[in-house]
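Chemist: show me how the following folds:
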Amino acid sequence: MLSVPNGFFANYWSPQELAINLIVFSNLFGALLLGLIVGYERTYHGRAAGMRTYGLVCMASCAVTVIVGYPAFWYGGLSVAQTFGHSPPDPTRVIQGIVTGVGFLGAGVIMKDGFNISGLTTAASIWSSSAIGILVGIGFYSAAILLTILSAALMMWAAKLEQWLPSRPAVAITLCFRPGFTPREEVLSRVASERGYQVASGSFQIHRTNDREEWRYVAIALNKDAATSLSTLAAELGQFDGVEAFHLSHARN
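Modeler: As a prediction, the model looks like this:
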């Protein structure tokens with residue numbers, strides 16, 4: 001019958017273990033800060049992967065990496081072989097398999113619809129939760145609790161931070177022209193500029209069916225506060241000569 005030594009669980013909260021958790025704390029905070037900085041650059045340019053996605057991935061990657069440097073403090077700092085009489089497999093190989101497998105799982109929730117990509121933050125949060133499980137598994141309970149709090153706070157409040165910071169949101173535009181009408185790219189670019197937008201280079205997609213053309217492209221706001229709103233754009237597009245139908249949506253590409 002398995003016998004657990006006295007004070008076995010207390011070792012997980014010993015001063016030495018807490019000191020190592022404090023080091024992990026500082027690494028997690030540093031990784032989160034740097035991830036947010038990189039993510040803001042993507043948010044500013046209207047990309048799908050923003051501050052939340054980059055913050056979660058950077059922080060979780062740090063958590064999985066930093067624990068490798070302190071194997072003597074895994075499992076409460078006790079030797080499993082001495083305690084239970086057997087040698088465990090190499091935990092780093094187990095961690096590698098978990099991170100790889102969960103990465104494929106996260107890829108399944110990412111969806112692309114035209115110029116819009118959704119599910120990136122959900123995928124990153126799934127990957128982050130695997131890092132939380134790894135921290136709990138090796139006995140870094142305090143670090144696991146901190147990573148849980150930071151991940152939840154990041155997903156709840158980072159979106160509000162993104163809205164508060166200066167950014168350049170993008171709009172996906174689809175224009176269906178009446179038969180026989182030939183649009184010009186320079187005219188569309190000028191119209192967009194007059195309304196506070198810049199047509200993203202390389203975003204044009206042109207479809208032609210019989211004598212009818214359909215143009216799809218992305219317009220990026222030069223200033224989110226000064227750019228024309230989607231509702232106003234919709235009202236104006238309905239008056240443009242040659243435009244038979246249109247579709248507008250916020251683009252996260």
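Chemist: every contact and neighbour count from this point should use C-alpha atoms.
Modeler: Will do.
Chemist: which stretches in the stretch 51-200 of the chain count as helices?
Modeler: 51-66, 80-84, 91-107, 120-137, 141-164, 185-194 (DSSP state H, counting those that start in this stretch).
Chemist: so for residue 170, which of those helices sits nearest?
Modeler: Closest to residue 170 of the helices of the stretch 51-200 of the chain, according to CA to CA: helix 185-194, at 11.8 Å.
Chemist: output the contacting helices and strands for the closest one.
Modeler: With contacts taken as 3 or more CA pairs under 8 Å, 6 or more residues apart in numbering; DSSP states H and E, helix 185-194 sits against strand 197-199.
Chemist: for the strand it packs on, give me every contacting residue.
Modeler: Strand 197-199 is contacted from outside by 189, 192, 217, 218, 219, 220, 221, 222, 227, using CA atoms under 8 Å, 6 or more residues apart in numbering.
Chemist: now, which of those residues sits nearest residue 136?
Modeler: Here the nearest of the contacts of strand 197-199 to residue 136, counting by CA to CA, is residue 220; it sits at 43.4 Å.
Chemist: and that closest one, how far from residue 247?
Modeler: Distance, residue 220 to residue 247, using CA to CA, to the nearest Å: 16 Å.
Chemist: and those two? Which one has more around it.
Modeler: For residue 220 and residue 247, the more surrounded residue by other CA atoms under 10 Å is residue 220, and the numbers stand at 24 against 12.
Chemist: just to revisit the earlier point, of the contacts of strand 197-199, just the buried ones, ChimeraX syntax please.
Modeler: Restricted to buried positions by 16 or more other CA atoms under 10 Å, the ChimeraX selection for these reads:
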select :192,217,218,219,220,221,222,227
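Chemist: take the contacts of strand 197-199 and keep only those in strands.
Modeler: Among those, the ones falling in strands (DSSP state E) are 217, 218, 219, 220, 221.
Chemist: so the fourth one sits against residue 168, correct?
Modeler: Yes: distance between residue 220 and residue 168: 6.2 Å, which falls inside the contact criterion (CA atoms under 8 Å).
Chemist: what are the bridge partners for residue 218, then?
Modeler: Beta-bridge pairing of residue 218 under DSSP bridges involves residue 172.
Chemist: contacts only, for it.
Modeler: Under the contact definition (CA under 8 Å, 6+ apart), the residues listed for residue 218 are 115, 170, 171, 172, 173, 199, 200, 203, 204, 251.
Chemist: how does it look with 10 Å?
Modeler: Going by CA atoms under 10 Å, 6 or more residues apart in numbering, residue 218 touches 115, 170-174, 197-205, 248-253.
Chemist: ok, residue 248 next?
Modeler: So residue 248 contacts 171, 172, 173, 174, 175, 216, 218, 230, 231, 233, 234, 237 (CA under 10 Å, 6+ apart).
Chemist: 8 Å - rerun?
Modeler: By CA under 8 Å, 6+ apart, the contact set of residue 248 is 171, 172, 173, 174, 230, 234.
Chemist: ok so it is a strand residue?
Modeler: Yes: the assignment for residue 248 (DSSP: H, G, I helix; E, B strand; the rest coil) places it in a strand.
Chemist: which regions of the stretch 51-200 of the chain sit below the pLDDT cut-off?
Modeler: Applying pLDDT under 70 to the stretch 51-200 of the chain flags residues 78-91, 114-116.
Chemist: at 50 instead, please
Modeler: 81, 83-84 (pLDDT under 50).
Chemist: burial measure for residue 101, as a count.
Modeler: Neighbours of residue 101 (other CA under 10 Å): 13.
Chemist: what's the distance between the residue most central in space within the chain and residue 149?
Modeler: By CA atoms, centre = their mean, the chain has its centre lying nearest to residue 53, at 1.8 Å. As judged by CA to CA, residue 53 and residue 149 stand 16 Å apart.
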